[in-house]
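*Asks:* Sharing a sequence plus its predicted fold:
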Amino acid sequence: MDAKRDELKAWIGRSETVHDAVNPTPVVALTATLDHPTSPVVAGTSLPPLWHWLYFLPMHRQSEIGTDGQAKRGGFLPPVPLPRRMWAGSQFEFRSPIHVGDRVARTSTIDDVTTKEGRTGKLVFVKVRHEVRCNEAAEPALVEFHDIVYREAQGPNDVVPPPQAAPAEAAWRRQIVPDDVLLFRYSALTFNGHRIHYDRQYVTQVEGYPGLIVHGPLIATLLMDLLRRQLPDAEVASFRFKAVRPTFDLNAFH
């Protein structure tokens, strides 16, 4: 494993830049998906926090897609030889607004690769730094660190860890029913082909989960959306989240 670990660490420092335009149609579509009233989206409209995920979509060719619905290993991300890949968390600095109509560029860099032994076997963590710039600006409008975890397949004797209790008191609270349509629409909006979010047969029979998995970025977006509903004029400077355990479509969540 030491040789493989060194090979994976060789990916540290790799970088790529992709370009996009902040068009209004994805904003209209996510507005509807999150059940907001329809309103005009015109040039100059500020993107709510985390809605930049509607852009820079992964346009891999169909022949480049693996059996899990994601891009095959290698390319920009290191070729980690573990079958299960999940979004483990993110940290954000919101430095200046991103507006509908902006020309945007995202520079992504492999910031770190670490290997650990977890309760259920080997784990590989990849941290990617994204910097989003608008209209050829020198300084980024948004800096995001994206944590990806790779892990071994579900074993027959693996025990699911007990859930951690959420805080009993909350300033604001909203119930979400994560039905198939919500998960499908968010997958479509972010061009996310990962089958754990929409293919019930795959996620239960191949990956061993009890139900469809709610996207970590969707939960994060819903958290920011709750803030927006309560304090629509708030300016978010920073935000971070960590995925402690999967959330399934089997029950409503708050």
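*Replies:* The structure has been received and is ready for your questions. Residues are numbered from 1 along each chain as shown.
*Asks:* ranges for the strands of the stretch 151-254 of the chain?
*Replies:* Applying DSSP state E, counting those that start in this stretch to the stretch 151-254 of the chain gives strands spanning 238-242.
*Asks:* list the helices and strands the helix or strand of the chain with the lowest mean pLDDT packs on?
*Replies:* Least confident element among the helices and strands of the chain, by mean pLDDT, DSSP states H and E: helix 2-9 (a mean of 75). Where contact means 3 or more Cβ pairs under 8 Å, 6 or more residues apart in numbering; DSSP states H and E, helix 2-9 is packed against strand 103-118. (Glycine included, C-beta is placed from N, CA and C.)
*Asks:* returning to that earlier point: then the least confident helix or strand of the chain to PDB, C-alphas only?
*Replies:* Extracted in PDB, the C-alpha atoms of helix 2-9 (Å, rounded to 0.1, in the frame of the first residue of the first chain):
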ATOM      1  CA  ASP A   2       3.000   2.300   0.600                       C
ATOM      2  CA  ALA A   3       3.800   2.400  -3.100                       C
ATOM      3  CA  LYS A   4       0.200   3.100  -4.000                       C
ATOM      4  CA  ARG A   5       0.100   5.800  -1.400                       C
ATOM      5  CA  ASP A   6       3.100   7.500  -2.900                       C
ATOM      6  CA  GLU A   7       1.600   7.200  -6.300                       C
ATOM      7  CA  LEU A   8      -1.600   8.900  -5.100                       C
ATOM      8  CA  LYS A   9       0.300  11.600  -3.400                       C
END
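*Asks:* Compute the inter-axis angle for that helix and strand 103-118.
*Replies:* Interaxial angle of helix 2-9 relative to strand 103-118 (axes from the mean of the first three to the mean of the last three Cα atoms, to 10 degrees): 160 degrees.
*Asks:* Now helix 2-9: buried residues?
*Replies:* Applying a neighbour-count criterion of 16 or more other Cβ atoms under 10 Å, the buried positions in helix 2-9 are Leu8.
*Asks:* That one: what's the following helix or strand?
*Replies:* For helix 2-9, the succeeding helix or strand toward the C-terminus, using DSSP states H and E, is strand 15-21.
*Asks:* which outside residues touch the next helix or strand after that following strand?
*Replies:* Where DSSP H and E defines the elements, the next helix or strand beyond strand 15-21 is helix 24-33. With contacts defined as Cβ atoms under 8 Å, 6 or more residues apart in numbering, helix 24-33 is touched by 38-39, 41-43, 45, 47, 51, 54-55, 100, 182, 185-186, 189.
*Asks:* redo that, cut-off 7 Å
*Replies:* Residues from elsewhere that reach helix 24-33 (Cβ atoms under 7 Å, 6 or more residues apart in numbering): Val41, Trp51, Leu54, Val100, Arg185, Tyr186, Leu189.
*Asks:* now do the same end-to-end measure for stretch 151-171.
*Replies:* Stretch 151-171 has an end-to-end distance of 35 Å (Cα to Cα, to the nearest Å).
*Asks:* which non-adjacent residue is nearest the residue nearest to the spatial centre of the chain?
*Replies:* By Cα atoms, centre = their mean, the chain has its centre lying nearest to Pro217, at 3.9 Å. Leaving aside its chain neighbours, Pro217 sits nearest to Trp53 (5.7 Å; criterion: Cβ to Cβ, 6 or more residues apart in numbering).
*Asks:* is it fair to say that neighbour lies in a strand?
*Replies:* No: read with DSSP: H, G, I helix; E, B strand; the rest coil, Trp53 is helix and lies in no strand.
*Asks:* Count the neighbours of it for me.
*Replies:* 21 (other Cβ atoms under 10 Å).
*Asks:* that older thread, the residue nearest to the centre of the chain reaches Leu54, doesn't it?
*Replies:* No: using Cβ atoms under 7 Å, Pro217 is not in contact with Leu54, being 10.5 Å away.
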